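Visitor: Just a sequence and a predicted model for now, questions to come.
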Amino acid sequence: MVTRAAKFSIQGLHVHYGSLCALRDLNLEIAAHEIFTVIGPANSGKSTFLNSLNRLIDLEARSRVRGEIRLDGVDIRAGLEVETLRRKVGIVFALPLPLPVSIYENVVYGLRMQGVRDAKTLDAAVERSLRESYLWEEVKDRLRTPAMNLSGGQQQRLCMARILAGQPDVLLFDEPTSGLDPISTARIEETMLILKEKYTIVLVTNNVAQAARVGDRTAFFLMGEMIEVSATSTMFTTPADSRTSDYITGKFG
Amino acid sequence: MSQRLSQWIAFSLLFLATLVVVLPVVVILAIIVAKGASAISWDFLFSMPRDGMSAGGILPAILGTLYLVLGAVLFAVPLGVAAAVYLVEYSGSNRFSRLVKLAIVNLAGVPSVVYGLFGLGIFVIFFRFGASILSGALTLGIMILPVIITSAREALESVPRHFRTVSLSLGASRWQTIRHSVLPHALPGIMTGMILGLGRAAGETAPILFTVAAFYLPRLPQSIFDQTMALPYHLYVISTQVPGVPENVRYGTALVLLALVLLLNLAAIILRSRFRARKKW
């Protein structure tokens, strides 16, 4: 990990919702081109952590964020427009959430918002990103049909293509396979393993086995605190903290 | 009492209530059509009134009402939708927005004659628009604002939250998100408010009484600063103020007013269903 540059460096991150503390004093570095997985039971602060990385947390009316997050050394609050940050740091949500427009329009949404009008550029971006998310072959003949007609797994890969179209740096996944069948899940996981060559991936999952399958490093969150972080293989063989081993062996959670 | 009996009684009562609701509509329509249909002719719809309004046509009143309704909608819809967007998308729920919402609810309860008086004071006298189409349309517009704002707010609030989250997460700004991922999906609901407002604006007499309506003006308005006749007021005039107007002319006028409102609504409903056909979630 030392040889690679830190993509994200997080220092003293606290997040409160009103008086509730959702994330407490988080210090962490995420390396470029790794799959960083976050595991933990419900309400452990996993999603809060993820939403802090692209400032979607700001949409929560009562949220307050303290501490510092740097992306490639740049403070994501002071140094970047929020729109630019979100283009660089795309997110795939727990449920497939296509917009109620065609497959094509879903993919180019972010580009259109950036003001890209040229049809050739858009077409090229659609093909590239749909290939990257392994959806191209299935949908290339019906790009203009409603995205809502796709299956759940296809929709989730469309959501991946949608953020890939904007050529991001980091992909955030918020329990992306929680609503999918095992086969679709496997395809998403395979895709992630290929995508990490080009992108940095942060995966929040409630599926411990998934973290073990795809993670390079894994962090265990509990009640707003990061209990431990280590190489995934280490965490799943010799966890340092007894609470971690209790969680991954299924004693609670 | 057996379950079956109570079931039957409940069903009958509910059905009866529904019937009673429908009945007045049917009866009103039937009477107006029966008594007024004979007056409807090409001449009645497209010519000027003659003989102290007891004969001839009602063209100035039809056109006047059309102008007023369109003017009111043109004024109230953009303003109302903009206010609704602000209230739903920007202001959140602070003290100011609660105050505004309260004001809107109260505005909806103001009697229409008060709007008429307000329009007289503001538009006719203060802004010196005189009794004119402009004054009347603005007065009607303010009267239908609450309907427009309320329905636009509901339409915006019914757009799923995740459309906004997804759009913002893809790097769209807040305004882009509203413009591309919220407003298009709220359009059918906004149209519903417009339809309701349209109907009210077309039918009200009191707001136009002091601001625009002419008792008898056998020529067409030349500009928005002209007075005009209007169907609801004309109906009032020929029913109570002018003796000797044949019954079928009075009912015919009512029939035209009804048909006009229905026609305007129909156009808006067709437009809305086209937007709705695109709704896919």
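Guide: Nice, I can see it. For clarity, every value in this text was computed on a predicted model and none was experimentally measured. Residues are numbered from 1 along each chain as shown, chains lettered A, B, ... in the order given.
Visitor: Please, which helix or strand holds the most centrally placed residue in chain A?
Guide: Taking CA atoms, centre = their mean, the centroid of chain A lies closest to A:L172, which sits 1.3 Å from it. If you go by DSSP states H and E, A:L172 is part of strand A:170-174.
Visitor: That strand vs chain B: in contact?
Guide: No. Between strand A:170-174 and chain B, judged by CB under 8 Å from any CB of the partner chain, nothing touches; the nearest distance is 9.0 Å. Heads up, the C-betas are built off the backbone N, CA and C, glycines and all.
Visitor: Provide the contact partners of that strand at residue level.
Guide: A:7-8, A:47, A:50-51, A:53-54, A:71, A:88-94, A:160, A:163-164, A:192, A:195, A:199-205 (CB atoms under 8 Å, 6 or more residues apart in numbering or on different chains).
Visitor: ditto for stretch A:43-56
Guide: Under the contact criterion CB under 8 Å, 6+ apart, stretch A:43-56 has outside partners A:8, A:13, A:15, A:22-24, A:26, A:38-40, A:57, A:60, A:65, A:69, A:76-77, A:82, A:85-86, A:89-91, A:170, A:172, A:174-175, A:202, A:204, A:221-225, B:165, B:168-169.
Visitor: for the stretch 1-150 of chain A, what spans make up the helices?
Guide: Using DSSP state H, counting those that start in this stretch, the helices of the stretch 1-150 of chain A run over residues A:46-53, A:82-88, A:103-113, A:119-132, A:136-139.
Visitor: Tabulate those (CSV), appending mean neighbour count, distance to B:L68 and mean pLDDT.
Guide: Converted to CSV, these look like this (neighbours: other CB atoms under 10 Å in any protein chain shown; distance: least, CB to CB, whole Å; pLDDT from 0 to 100):
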stretch, mean neighbour count, distance to B:L68, mean pLDDT
helix A:46-53, 24, 51, 94
helix A:82-88, 20, 44, 95
helix A:103-113, 24, 40, 95
helix A:119-132, 16, 45, 95
helix A:136-139, 16, 51, 94
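Visitor: Compute the first-to-last residue distance for stretch A:8-24.
Guide: Between the start and the finish of stretch A:8-24 there is a gap of 18 Å, counting by CA to CA, to the nearest Å.
Visitor: Report the buried residues of that stretch.
Guide: Neighbour counts using 16 or more other CB atoms under 10 Å in any protein chain shown place A:F8, A:S9, A:I10, A:L13, A:H14, A:V15, A:H16, A:C21, A:A22, A:L23 of stretch A:8-24 among the buried residues.
Visitor: on that earlier part again, could you flag which of the contacts of stretch A:43-56 are buried?
Guide: Neighbour counting over these (16+ other CB under 10 Å) leaves A:8, A:13, A:15, A:22-23, A:26, A:38-40, A:57, A:65, A:69, A:76, A:82, A:85-86, A:89-91, A:170, A:172, A:174-175, A:202, A:204, A:221-222, A:224, B:165, B:168-169 as the buried ones.
Visitor: Which residues of chain B lie near chain A?
Guide: So chain B meets chain A at B:92, B:162-173, B:176, B:180-181, B:185, B:278-281 (CB under 8 Å from any CB).
Visitor: So which of those residues are in helices?
Guide: Members of these lying in helices (criterion: DSSP state H): B:H162, B:F163, B:R164, B:T165, B:V166, B:S167, B:L168, B:S169, B:Q176, B:H185.
Visitor: Counting neighbours, which of the residues you listed comes out on top?
Guide: When those are compared by neighbour count (other CB atoms under 10 Å in any protein chain shown), B:S169 ends up highest, at 28 neighbours.
Visitor: Just to check, that residue is in contact with A:L85?
Guide: No. B:S169 is not in contact with A:L85 according to CB atoms under 8 Å; the separation is 10.5 Å.
Visitor: Any regions of the stretch 1-150 of chain B where pLDDT drops low?
Guide: For the stretch 1-150 of chain B, applying pLDDT under 70 flags no range at all.
Visitor: thinking again about what came up before, can you tell me which of the contacts of strand A:170-174 are in strands?
Guide: Cross-referencing the contacts of strand A:170-174 with the strands (criterion: DSSP state E) gives A:K7, A:F8, A:L71, A:V89, A:G90, A:I91, A:V92, A:T200, A:I201, A:V202, A:L203, A:V204 as the overlap.
Visitor: Next, the contact list for the nearest residue to the second one once chain neighbours are set aside, please.
Guide: With CB to CB, 6 or more residues apart in numbering or on different chains as the criterion, A:F8 has its nearest non-adjacent residue at 4.1 Å, and that residue is A:I30. By CB under 8 Å, 6+ apart, the contact set of A:I30 is A:A6, A:K7, A:F8, A:S9, A:I10, A:F36, A:T200, A:V202.
Visitor: For chain A, what is the nearest residue in the stretch 1-150 of chain B?
Guide: The nearest approach of the stretch 1-150 of chain B to chain A comes at B:G92, 6.2 Å away (CB to the nearest CB).
Visitor: from memory that residue sits against A:E60, does it?
Guide: No. Assessed by CB under 8 Å, B:G92 is found out of contact with A:E60, at 11.5 Å.
Visitor: Any chance of the backbone angles for B:Y86?
Guide: Dihedral angles of B:Y86 (phi, psi; degrees, to the nearest 10) stand at phi -60, psi -50.
Visitor: burial measure for it, as a count.
Guide: Burial measure for B:Y86: 12 neighbouring residues, criterion other CB under 10 Å.
Visitor: how close does it get to B:R174?
Guide: From B:Y86 over to B:R174 the distance is 12 Å, taken as CB to CB, to the nearest Å.
Visitor: Also A:A119?
Guide: Distance of A:A119 to B:R174, computed by CB to CB: 27 Å.
Visitor: Then B:L63?
Guide: As judged by CB to CB, B:L63 and B:R174 stand 43 Å apart.
Visitor: Any idea how far apart the tips of stretch B:75-95 sit?
Guide: Where stretch B:75-95 starts and where it finishes are 27 Å apart, if you go by CA to CA.
Visitor: How about residues contacting it?
Guide: Under the contact criterion CB under 8 Å, 6+ apart, stretch B:75-95 has outside partners A:61, B:97, B:100-101, B:137-138, B:140-142, B:144-145, B:148-149, B:152-153, B:155-157, B:174, B:178, B:182-183, B:190, B:193-194, B:197.
Visitor: Could you pull up the contacting residues of residue 240?
Guide: Just going to use chain A. Under the criterion of CB under 8 Å, 6+ apart, the contact partners of A:A240 comprise A:E228, A:S230.
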